[in-house]
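A.B. asks: take this sequence and fold it.
(4 chains)
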Number of protein chains: 4
Amino acid sequence: MLIRLRHGLASAELDPLLKLCRDLGYGTRFLDEGRRLLELAGQGDRTHRTRLEDHPDVVEVVAPGDSYELHARGGGRPDTVVRIGDVAFGGGDVAIAAGPCSVEDYERLLLLARGVQDCGVSILRGGAFKPRTSPYSFQGLGVIGLEMLAAVRDETGIAIVTEVLDPRDVERVAEVADWIQIGTRSATNFPLLTEVGRAGKPVLLKRGFGATVREFLLSAEYVLNAGNEDVVLCERGVRSFDSTTRNLLDVGAVAHLAAATHLPVIVDPSHAAGRADLVRPLARAGLAAGADGLIIEVHDDPATAQSDGEQAISLEDLRALTLDAKAIVSLDGRVLSDRSLTSPAHPSNAKESIQ
Amino acid sequence: MLIRLRHGLASAELDPLLKLCRDLGYGTRFLDEGRRLLELAGQGDRTHRTRLEDHPDVVEVVAPGDSYELHARGGGRPDTVVRIGDVAFGGGDVAIAAGPCSVEDYERLLLLARGVQDCGVSILRGGAFKPRTSPYSFQGLGVIGLEMLAAVRDETGIAIVTEVLDPRDVERVAEVADWIQIGTRSATNFPLLTEVGRAGKPVLLKRGFGATVREFLLSAEYVLNAGNEDVVLCERGVRSFDSTTRNLLDVGAVAHLAAATHLPVIVDPSHAAGRADLVRPLARAGLAAGADGLIIEVHDDPATAQSDGEQAISLEDLRALTLDAKAIVSLDGRVLSDRSLTSPAHPSNAKESIQ
Amino acid sequence: MLIRLRHGLASAELDPLLKLCRDLGYGTRFLDEGRRLLELAGQGDRTHRTRLEDHPDVVEVVAPGDSYELHARGGGRPDTVVRIGDVAFGGGDVAIAAGPCSVEDYERLLLLARGVQDCGVSILRGGAFKPRTSPYSFQGLGVIGLEMLAAVRDETGIAIVTEVLDPRDVERVAEVADWIQIGTRSATNFPLLTEVGRAGKPVLLKRGFGATVREFLLSAEYVLNAGNEDVVLCERGVRSFDSTTRNLLDVGAVAHLAAATHLPVIVDPSHAAGRADLVRPLARAGLAAGADGLIIEVHDDPATAQSDGEQAISLEDLRALTLDAKAIVSLDGRVLSDRSLTSPAHPSNAKESIQ
Amino acid sequence: MLIRLRHGLASAELDPLLKLCRDLGYGTRFLDEGRRLLELAGQGDRTHRTRLEDHPDVVEVVAPGDSYELHARGGGRPDTVVRIGDVAFGGGDVAIAAGPCSVEDYERLLLLARGVQDCGVSILRGGAFKPRTSPYSFQGLGVIGLEMLAAVRDETGIAIVTEVLDPRDVERVAEVADWIQIGTRSATNFPLLTEVGRAGKPVLLKRGFGATVREFLLSAEYVLNAGNEDVVLCERGVRSFDSTTRNLLDVGAVAHLAAATHLPVIVDPSHAAGRADLVRPLARAGLAAGADGLIIEVHDDPATAQSDGEQAISLEDLRALTLDAKAIVSLDGRVLSDRSLTSPAHPSNAKESIQ
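C.D. replies: Okay, here's the model as predicted:
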């Protein structure tokens, strides 16, 4: 039997519960560092379960055969809807985030933020801490980059999604980000997942490029189990033997996740494609398979983009893509949270004004 | 320099051309068994190319640097449109084929043929020769299966697509099939590709489950080079480390192929998913990525299907899927060749009557 | 229940057996084109099995739960030892085949045959029919290549292994080859596997580059079920996401196969590595994992090899590799069938079969 | 141009150097958080390089075209030999580490430590912090586990290798571990790699299960660039489409790494195989391909092992495996650091006494 405890119990609060369990004849063992999951060993009485469920410090009791995973759709569990700024993911709401790969220059970042807003996008992506395969590649501006993101948000009202790599940076990132990203290279960084789960901000969890769908869901489970229910999953392609696209976008995973979990699922066609010309068809495919949103890499300057942004699309292409998205998701009665194209005068009411 | 020769030249016709090449100072070597591709070794004169191009037995002369691959979009080369019975793939026309995995029983096959026609589908798929991983699995009814397919076509007017495995069976299959399928397990069966290329019937070429996109195109090139231009490519998923879906549907490949070749590309969501519940979202994703059609496995009997048809969908689901398809392809101005929903009384005019 | 019948029964011989089965209350269906596997449907009497097993046309009766696959190690089934010319694979005998990728020039082929013999190798590999990804690559000399191989064998006494691609060529290839190769691209060419199974010559079956180990064994099963027991399996690397080596040599598969099947297993380090400098360590690894032999690509001319043979090793390297092989296999009491380096005067002491 | 600076420079020390660079006309940018890699932008004078190389705070100057990666074999760079306790990896020395998957019980750990010592193994592996795919699996004993490992070391003199997951735990782990492990799930945890690189203890770096060989080397580069030269690489298998083994052991990577880097490379056959019966052949294959050592999972209790240790081998099997290893590495003149079989009375002289 597993007991899921309330978040943040002090030792003094735990001790009476542990004593109770032992008095009932169970061996006890905590499964997690945060001491929220208590395993009871031994064959107890049928009445024990109810008794434990009634205990004030107990959130849930799971017996063998129960579905105890927090990501799973239980009987009639409604879709989780994750709200970021003006828009929402899940439950029929579809939204788009867009922005540059990394934050490098305040003026360009501001320009891009306004540019994506003009396309009806209310969330700006941009990396301050960049995970780089080589230590000799630019690792991002770090705290300075965070400050630029905060300034752009203040200036424009756009929401910010940005990545965190190190559990020691979670607090700083959470101060700036409306939505904290766990990148593909951190998908099995369990201390980071747990720390982000405690940060009190919605999480964007990317699938590991070598992770199975089951492992992806269990990475999400680390965040959920740490007490954070606002998790958006992101399929961004997996490794394969072919190099036509940088990664192979797994639309079957998107369709499966839409059925298997109540969490929203979005698609990152930019990192899947690795080339700008395929971003739009992959975005369309992801939404048609059931994705609740997109995250897109854009640039403002085609000339520069030729050298360093082969997968970033232009703002014009972003605009075309949002129109595509609007049309596709409307086919099954979903709505693109598309603020500028509806009621730009009332950004904070964007959700209401769509219908 | 490469010379592509006319199809079916006799030795007596070839000899004068070979002599000419040698007189011009070249070594000669045929690259293919069918002696259509003649390699000339040596540095010749610039005038030779024109002279050879003017030769009546020469189709094309390719010099280093030329794009000589027949699948490639050249300058302004229009889409190849492949017509199968009433419908067409490519050039804005989208169509669907549907039917059982294998042909086993005439009455059920007839029922299914009428069922898919009622859904607006004009092409029946069904295997008479089945490639099976184990020699102890049912290998199909063979010639008897072909006869059933022919009888169903005569009875209903539906077009037939069926697989051939053995170069020695190509002629027999070509007598019955309106469209000859090369399955994923035959993607590198080069003698079969060549034989099918000579059969004078349109070809449905499935991607090998372990083949790169480049290898897929070169398999098509074997058929094209044998003189057959009516090739439809079919993405049906590739192998990956994950088992959520049986194969990983590569929508990036679909999008790439739509740009890279003039040949139509369709998607087989049934074999990609391996489970009925994901067929519809994968079909949608494929079309949204740019596919020119679908091939779908259906069953008529949910009870039986529980045991042997876990990836086959019902006729009702097929109907829903065709409506989805119609809506998605219309977003970019394409048309689903959907005969029953338009003008069932005049099947041969179906193309004209589609809105 | 499955009944495996004698090879080559005429219809007149089959009819009484089929009648008997139906009289016993079974439905009957042949599972294979060659009509050797008869499936009986229905719940019969326990005595029926014995009665059928005693029937003169019946080789074996398989009931649910039996292991009926011919490749499997049954209770105490000894290793299959496949003899090719002087040497043997399996049962403690290890051997090496070596030669050029393709047959192009008689003089060079003869030189290489003598060269590999000088290294103690008694089997020459060389392709007359070449499976090529592109139709515009050299497809081999075909019948002329076979004639060169036959001539070299007559001249030197070396045994020949060469590939067949087309079921229509099996007879011709079997006339020349001591050992018929099914290449990685033909691993799921079931008509070819069946035809080669009937050819009466030992078979070298390469694993498909995208095939699971289970599928590999079932490809072998097609050959075995066609009546040919002399099958040597060859692991040659599978596709992966990394390109350090051309294919990823699966030594785990080698170790598993050594335990799971009585058939000998060899390794092709040349096609796995795709680069000459890694052939030797991969050969060593394969043998250390339990492989019963090697097949190696060699060249005679380092200068030419620079352009077209990046994975072929020199004869000097082959000599070093055979010494390595001898040492490694001796660690577990196996013997390299190494004619020149052992004791040609006492062939009966070199495991009987050498020379 | 890149400048690699001395480790641990204070800001006050950096400023004069930065000023110098700017005075010479360069833009300056640090590429890493630790500020050891300074990028100079701009076309300077040829004399600048020498001038900077002579600067006391500069370790190295790298110009375009230079090989600046620390893992690479430069001209004549000798093998790095990493010493752990009595034994060494690299430069002809081969060693083995063995132990349980996780630390759970002091008595059993002590028993196993003595057991592996009896087999001649001088390094004990055992996890205190366990990366687990599910948050509901046992995550290790953490600090208590570290204390057990320390106690066993004190009791037996065995060296300890154990994993660290969280950069905040590096200091604690480094106090106990003789060798700090970065597991496969942390291969792209760059903050952890950097922190471990500063810890002053040798590092065991496992390849990510989805990482290319190039990415593996760049993960090592993070550790090396942080100032730690004692890195042992560990190949432990990668993901593939087949499930015969849990992971596919990449012996080609081992052979490539042996040539491409001066760092030692070992193999983990236990996690590659995922089943006890294939550990020994995979260990042999790894050493035959050139590996400098092994890390093996063992158990002391076959009965318990049935439930939780399907890939752990018994101590008896470990003994057999060490004898195999000794024999295989001796074939190319390498030596297994095998203390108990030589001079247990003088553990510190183990290396000298082996021959």
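
A.B. asks: give me the spatial nearest neighbour of the closest residue to chain B within the stretch 1-150 of chain A, chain neighbours excluded.
C.D. replies: Relative to chain B, the nearest point of the stretch 1-150 of chain A is A:Arg73 (13.4 Å; C-beta to the nearest C-beta). All C-beta atoms are positioned from the backbone trio N, CA, C, and that covers glycine. Distances taken as C-beta to C-beta, 6 or more residues apart in numbering or on different chains place A:His262 nearest to A:Arg73, at 5.1 Å, with adjacent residues excluded.

A.B. asks: just give me the neighbour total for that neighbour.
C.D. replies: 17 (other C-beta atoms under 10 Å in any protein chain shown).

A.B. asks: just want the phi and psi numbers for it.
C.D. replies: With angles defined as degrees, to the nearest 10, A:His262 sits at phi -80, psi 0.

A.B. asks: pretty sure A:Val213 is in contact with B:Leu248, am I right?
C.D. replies: No: A:Val213 lies out of contact with B:Leu248 (C-beta atoms under 8 Å); the separation is 10.8 Å.

A.B. asks: can you list the weak-confidence ranges in chain A?
C.D. replies: Per-residue confidence for chain A (pLDDT under 70) gives these ranges: A:64-67, A:75, A:302-309, A:338-355.

A.B. asks: near chain D, which residues of it show up?
C.D. replies: Within chain A, the residues that sit near chain D (C-beta under 8 Å from any C-beta of the partner chain) are A:2, A:29, A:31-33, A:37, A:68-69, A:131-139, A:142, A:165-168, A:185-186, A:188-192, A:194, A:208-211, A:215, A:218, A:221-222, A:225, A:239.

A.B. asks: which ones among those also lie next to chain C?
C.D. replies: A:Arg239.

A.B. asks: the residues of chain A next to chain D in helices, which ones?
C.D. replies: A:Phe190, A:Pro191, A:Leu192, A:Thr194, A:Glu215, A:Leu218, A:Glu221, A:Tyr222, A:Asn225 (DSSP state H).

A.B. asks: quick check: residues of the stretch 201-350 of chain A near chain C?
C.D. replies: So far as C-beta under 8 Å from any C-beta goes, the stretch 201-350 of chain A lies against chain C at A:Arg239, A:Ser240, A:Phe241.

A.B. asks: which of those has the most neighbours?
C.D. replies: Top of these by neighbour count (other C-beta under 10 Å): A:Ser240, with 26 neighbours.

A.B. asks: quick one, what contacts the nearest residue to that one once chain neighbours are set aside?
C.D. replies: Excluding the flanking residues, the one nearest A:Ser240 by C-beta to C-beta, 6+ apart is A:Leu248, at 4.3 Å. Residues counted as contacts of A:Leu248 (C-beta atoms under 8 Å, 6 or more residues apart in numbering or on different chains) are A:Gly237, A:Val238, A:Arg239, A:Ser240, A:Asp242, A:Ala272, B:Val238, B:Ser240, B:Leu248, B:Asp250, B:Gly252.

A.B. asks: can you tell me the element the fifth one falls in?
C.D. replies: For A:Asp242, there is no helix or strand it lies in under DSSP states H and E.

A.B. asks: might one say that it is in contact with B:Arg239?
C.D. replies: No: the pair A:Asp242 and B:Arg239 does not pass the contact test of C-beta under 8 Å, sitting 10.6 Å apart.

A.B. asks: now do the strands in the stretch 201-350 of chain A.
C.D. replies: Using DSSP state E, counting those that start in this stretch, the strands of the stretch 201-350 of chain A run over residues A:203-206, A:231-235, A:265-267, A:293-297, A:335-336.

A.B. asks: before we move on, what about the stretch 51-200 of chain A?
C.D. replies: A:58-62, A:82-84, A:87-89, A:93-99, A:123-125, A:159-163, A:179-182.

A.B. asks: switch those over to TSV; also include mean neighbour count and distance to chain B.
C.D. replies: Below are the strands of the stretch 51-200 of chain A laid out as TSV (neighbours: other C-beta atoms under 10 Å in any protein chain shown; distance: least, C-beta to the nearest C-beta, whole Å):
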stretch	mean neighbour count	distance to chain B
strand A:58-62	16	24
strand A:82-84	22	21
strand A:87-89	25	18
strand A:93-99	28	14
strand A:123-125	28	21
strand A:159-163	25	24
strand A:179-182	25	19
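
A.B. asks: possible to save those as CSV with distance to chain C?
C.D. replies: Formatted as CSV, the strands of the stretch 51-200 of chain A follow (distance: least, C-beta to the nearest C-beta, whole Å):
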stretch, distance to chain C
strand A:58-62, 36
strand A:82-84, 31
strand A:87-89, 30
strand A:93-99, 28
strand A:123-125, 26
strand A:159-163, 23
strand A:179-182, 22
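
A.B. asks: would you mind telling me which of the ones you listed is nearest C:Leu323?
C.D. replies: Closest of those to C:Leu323 is strand A:179-182, at 52.7 Å (criterion: C-beta to C-beta).

A.B. asks: ok, residues contacting that closest one?
C.D. replies: Against strand A:179-182 from outside (C-beta under 8 Å, 6+ apart): A:84, A:97, A:123, A:125, A:159-164, A:170, A:173-174, A:189, A:192-193, A:196, A:199, A:201-206, A:219, A:223, A:232.

A.B. asks: ok and the residue in chain A nearest chain D?
C.D. replies: A:Gly210 (2.2 Å).

A.B. asks: hmm, that residue is touching D:Arg239, no?
C.D. replies: Yes: applying C-beta under 8 Å, one finds A:Gly210 in contact with D:Arg239, separated by 5.5 Å.

A.B. asks: overlap of the contact sets of the two?
C.D. replies: A:Arg239, B:Phe241, D:Phe209, D:Gly210.

A.B. asks: right, and the last one touches A:Gly210 too?
C.D. replies: What that stands for is D:Gly210. Yes: contact status for D:Gly210 versus A:Gly210: in contact at 2.2 Å, counting by C-beta under 8 Å.

A.B. asks: tally of neighbours for the nearest residue to A:Ala151 once chain neighbours are set aside?
C.D. replies: Closest residue to A:Ala151 apart from its sequence neighbours, by C-beta to C-beta, 6+ apart: A:Tyr106 at 6.8 Å. A:Tyr106 has 16 neighbours, counted by other C-beta under 10 Å.

A.B. asks: list the contacts of A:Tyr106.
C.D. replies: A:Tyr106 touches A:Met148, A:Ala151, A:Val152, counting by C-beta under 8 Å, 6+ apart.

A.B. asks: can I get the strands of the stretch 201-350 of chain A in TSV with mean neighbour count?
C.D. replies: Below are those laid out as TSV (neighbours: other C-beta atoms under 10 Å in any protein chain shown):
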stretch	mean neighbour count
strand A:203-206	27
strand A:231-235	26
strand A:265-267	28
strand A:293-297	27
strand A:335-336	22
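
A.B. asks: nothing else from me, thank you.
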